[in-house]
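A.B. asks: Got a sequence here, can you build the structure:
(one chain, ligands or ions: 3)
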Amino acid sequence: MSFSTLVNDLTYRDDPRPASARTISTATDTRSQISRARSYASTAATSVSISGDISSQLHGGYSHPLARSWQAERQLTKSMLIYPLFITDNPDESELIPSLPGQRRMGLNKIIPLLQPLIAKGLKSVILFGVPLAPSAKDALGTAADDPQGPVIAALRLLRRAFPRLFLVADVCLCEYTSHGHCGILNEDGTLNNNLSVDRISDVAMAYAEAGAHCVAPSDMNDGRIRAIKLKLIEAGIAHRVVLMSYSAKFSGCLYGPFRDAAGSCPSFGDRRCYQLPPGGRGLARRAIHRDIKEGADIIMVKPATQYLDIISDAKEIGKDMPVAAYHVSGEYAMIHAAAKAGVFDLKAMAFEATEGILRAGASIVVSYFTPEFLDWLDT
Ligand SMILES: NCc1[nH]cc(CCC(=O)O)c1CC(=O)O
Ligand SMILES: [Zn+2]
Ligand SMILES: [Zn+2]
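C.D. replies: Ligands and ions are numbered 1, 2, ... in the order given. This next block holds a predicted model:
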């Protein structure tokens, strides 16, 4: 490789700015810079003595793209990705979600045509969220969550038949189905009734597992739900074929906004700060992770991802014998899209940088709205 192709490499190939923001120097510019550098080199004394300490020399180890890829403990692969799908109860619906660029709310009849090409490109797993559009579908108990005719159960049955090898995760929560939009059943004072909620959530998880989910993922945050779900799975004799993925460390904050738009699951009063974790609560997250492992979780999830890389790293340390998942959530995805659109950086470069950071922190599973793009990007 000549000096000038090396310079070209450094200048252009890894430039994370969008093409519009790059000032591409002309060949003459580059040539004159190189010749000035050469004449400087001929006069300057070398600063490295061959017999001295040479541990200062790192660049050689990652000068080639392949050698750069070897620096990472975990490389992003297609099998690490889980793609979120929003399934409505109107079978022919296919509506773009304005705050989640490129993502859709879909009815049953639209799922297969959407997934077919993605599976051909190597999609391995999806996570399903139900979005009941009919106002009559919501009540205080979230009855529609396990309606056998409801969107999630119908989609699980359909997908098991259509794509037998696709790994199906069902998010388990009540907020999409409750009239008040909270993630459980409420007491009269508006607080969560933990016992009733755990009982209801574990029934919903069972209904999804029986409808064909390979994995159930409770995102409600009620205390003790992992144990309750595990016990019901054991009792029903299906614990051996269902993965229990706990949203153990799920923090409250403003990064779920686009998701709540998409799923229509915004609380009608109050917020989720009494059941989702406070952003500063690292110790609390560690306790929740320890607890969920003891209660029978098979996979620990951290959510959101980029703002909580220390928690991902804690989860990997605490659960060193189990897979750690991270949810790169709707707000993180929307921020990257907005910044790329404003010319701050290139979308693809940022999507990789964020995801590689999540893997470096300790995750080996990433729930990502970028999944369809990664299926293309990982091929090139
Ligand atoms: N319990 C519902 C749920 N399940 C997954 C997400 C967030 C996903 C995202 O923002 O992409 C939420 C939102 C919330 O808790 O308000
Ligand atoms: Zn949920
Ligand atoms: Zn919820």
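
A.B. asks: what does this structure put close to ligand 2?
C.D. replies: By the criterion of Cβ under 5 Å from the ion, the positions of the chain lying close to ligand 2 are D171, C173, S219. For the C-beta atoms, the positions are set from N, CA and C on the backbone; glycine is no exception.

A.B. asks: residue contacts, P372?
C.D. replies: Shown here is P372, whose contacts under the criterion Cβ atoms under 8 Å, 6 or more residues apart in numbering are Y83, G102, L118, L123.

A.B. asks: What about these, which are in strands?
C.D. replies: Counting by DSSP state E, the part of the contacts of P372 found in strands is Y83.

A.B. asks: can you list the contacts of P372 in CSV and add neighbour count and pLDDT?
C.D. replies: Compiled in CSV, the contacts of P372 are given as follows (neighbours: other Cβ atoms under 10 Å; pLDDT from 0 to 100):
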residue, neighbour count, pLDDT
Y83, 23, 98
G102, 12, 96
L118, 17, 98
L123, 23, 98
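
A.B. asks: closest to ligand 2 among the residues of the chain next to ligand 2?
C.D. replies: In terms of Cβ to the ion, no member of the residues of the chain next to ligand 2 lies closer to ligand 2 than C173, at 2.6 Å.

A.B. asks: How many residues are close by that closest one?
C.D. replies: 26 (other Cβ atoms under 10 Å).

A.B. asks: same question, A41
C.D. replies: Applying the criterion other Cβ under 10 Å, we find 9 residues in the vicinity of A41.

A.B. asks: same thing with V329?
C.D. replies: Using other Cβ under 10 Å, V329 has 25 neighbouring residues.

A.B. asks: Pull the contacting residues for it.
C.D. replies: The neighbours of V329, taking Cβ under 8 Å, 6+ apart as the test, are L255, Y256, F259, K303, P304, A305.

A.B. asks: Now do it against Y256, distance only.
C.D. replies: Note on V329: its distance to Y256, by Cβ to Cβ, to the nearest Å, is 6 Å.

A.B. asks: Top of the contacts of V329 by number of neighbours, please.
C.D. replies: Neighbour counts for the contacts of V329 peak at A305, which has 26 neighbours (criterion: other Cβ under 10 Å).

A.B. asks: Nearest spatial neighbour of that residue, chain-adjacent residues omitted?
C.D. replies: Setting aside the residues directly before and after it, A305 is nearest to A326 in space (Cβ to Cβ, 6 or more residues apart in numbering), at 4.1 Å.

A.B. asks: my read is the one you found is in a strand, agree?
C.D. replies: Yes - in this structure, A326 lies within a strand as judged by DSSP: H, G, I helix; E, B strand; the rest coil.

A.B. asks: which strands and helices sit next to the helix or strand containing R157?
C.D. replies: Using DSSP states H and E, R157 maps to helix 151-162. The criterion is 3 or more Cβ pairs under 8 Å, 6 or more residues apart in numbering; DSSP states H and E, and the helices and strands that helix 151-162 contacts are strand 81-88, helix 108-120, strand 125-131, strand 167-172, helix 194-211.

A.B. asks: Partner strands of the first one, with direction?
C.D. replies: In its sheet, strand 81-88 lies beside strand 104-106 (parallel), strand 125-131 (parallel), strand 365-368 (parallel), with partners assigned from DSSP bridges.

A.B. asks: Any idea which of these gets closest to ligand 3?
C.D. replies: With Cβ to the ion, the closest approach to ligand 3 among the strands paired with strand 81-88 belongs to strand 125-131: 9.8 Å.

A.B. asks: What angle do strand 167-172 and the closest one make with each other?
C.D. replies: Interaxial angle, strand 125-131 versus strand 167-172 (axes from the mean of the first three to the mean of the last three Cα atoms, to 10 degrees): 30 degrees.

A.B. asks: is strand 125-131 up against ligand 1 anywhere?
C.D. replies: No - using Cβ under 6 Å from any ligand atom as the criterion, no contacts between strand 125-131 and ligand 1 are found, and the smallest distance is 6.7 Å.

A.B. asks: So which of the contacts of V329 is the closest to R31?
C.D. replies: The shortest distance between R31 and any of these, using Cβ to Cβ, involves A305 and amounts to 44.0 Å.

A.B. asks: Please give me every residue in contact with that closest one.
C.D. replies: So A305 contacts I312, A326, Y327, H328, V329, E332, A354, I358, A363, V366 (Cβ under 8 Å, 6+ apart).
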